[in-house]
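Undergrad: model this:
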Amino acid sequence: MLSESERRSLDEIEHQFRLDDPHLDNRLAVGKSHPKPTTVLAVLFGSLGVLLLCMGVIGAALLSFGMVSVSLLMRGTTWR
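TA: Sure, this is the predicted structure:
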């Protein structure tokens, strides 16, 4: 159990944390965020493309890398 002075100190630290980085505070309050499905697809297609490239299947590897681009475009990722 915390003493009253320790509780006040903790409250002051929490308040300062919220002021310093409200975005991180919101993410921690909401809980752990899950990756978007399009990100998971991009990682899977990218991994498959590297595997196919190592196996020498160039056409399928290029198709897989193209699907990575499509997945990222569906997510709204831009090159900027």
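
Undergrad: if I look at the residue positioned nearest the centre of the chain, how far off is Leu41?
TA: Nearest to the geometric centre of the chain sits Pro35, at 5.6 Å (C-alpha atoms, centre = their mean). Counting by C-beta to C-beta, to the nearest Å, the gap from Pro35 to Leu41 is 10 Å. (C-beta placed from N, C-alpha, C; glycine too.)

Undergrad: Kindly report the same for Ala29.
TA: Ala29 is 29 Å from Leu41, by C-beta to C-beta.

Undergrad: Show me which of the two is the more surrounded one.
TA: Leu41 (17 against 8; other C-beta atoms under 10 Å).

Undergrad: So that one sits against Leu72, correct?
TA: No. At 9.0 Å, Leu41 does not count as touching Leu72 under the criterion of C-beta atoms under 8 Å.

Undergrad: Give me the below-cutoff pLDDT ranges for this structure.
TA: 30-33, 79-80 (pLDDT under 70).

Undergrad: go again using 80 as the cut-off
TA: For the chain, the stretches with pLDDT under 80 are 1-2, 22-35, 77-80.

Undergrad: now the helices for it?
TA: Secondary structure of the chain (DSSP state H): helices located at 4-20, 22-30, 37-55, 58-75.
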